[in-house]
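K.L.:
Below are the sequence and a predicted model for it; my questions follow.
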Amino acid sequence: MHGLAPELRQLASAGSLDPATASHLIARENGQLFSVHRELLVLLYLAVAAIVAGVGLLVKENLDRIGPVTLIASLVAAAALCYASAIRTARRGEARSTAGDYVLLLGALLLSAAVGYAEYAFRSLGADWSWHLLLLAGVHGITASRHTRWIPVSSCRLR
């Protein structure tokens, strides 16, 4: 396979590329630099899934000792901490990192678990139990619209 390293060196020596850019591109061409972005995304997703699965197992195994009110309060408190992280980042005017996105996803999943379990345990809506889904959809919709990083259409490229 033909590499572009000799051509990049020629462009650098001719002055068409600055030395820092040329050395970066040569390192990428030679396979010395690579991105682990996708791998990190998969690991973050698996971490959130493992935490939510662990919460589910903890609830299943200890429900009798914990009690429904304590369980719901704990889930809501954990979700609030996740949402507080996103709110704090937004108030600072900073861009939320990819890990921050997954923390917000974890908060949404914990809140959904708390609302679903509260409806199951207390049957507060009676025959209209499915309305908690509308409540969650509203909360998640507001959260998504307020905390989503918008990507301008002009920056999207088809490959």
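P.N.:
Here it is on my side, so go on.
K.L.:
ok, and the closest non-adjacent residue to the most centrally placed residue in the chain?
P.N.:
The centre of the chain sits closest to Tyr102, judged by CA atoms, centre = their mean, with a distance of 2.0 Å. Nearest residue to Tyr102, sequence neighbours excluded (CB to CB, 6 or more residues apart in numbering): Leu44, at 4.4 Å. Quick note: C-beta positions are derived from backbone N, CA and C, even for glycine.
K.L.:
same question, Arg96
P.N.:
Here the residue nearest Arg96, using CB to CB, 6+ apart, is Thr89, at 4.8 Å.
K.L.:
element containing that neighbour?
P.N.:
helix 68-92 (DSSP states H and E).
K.L.:
for that helix, packing partners?
P.N.:
Under the contact definition 3 or more CB pairs under 8 Å, 6 or more residues apart in numbering; DSSP states H and E, helix 68-92 sits against helix 37-66, helix 98-122, helix 131-147.
K.L.:
Please identify the most buried of those helices.
P.N.:
Greatest average neighbour count among those goes to helix 98-122 (a mean of 18), per mean count of other CB atoms under 10 Å.
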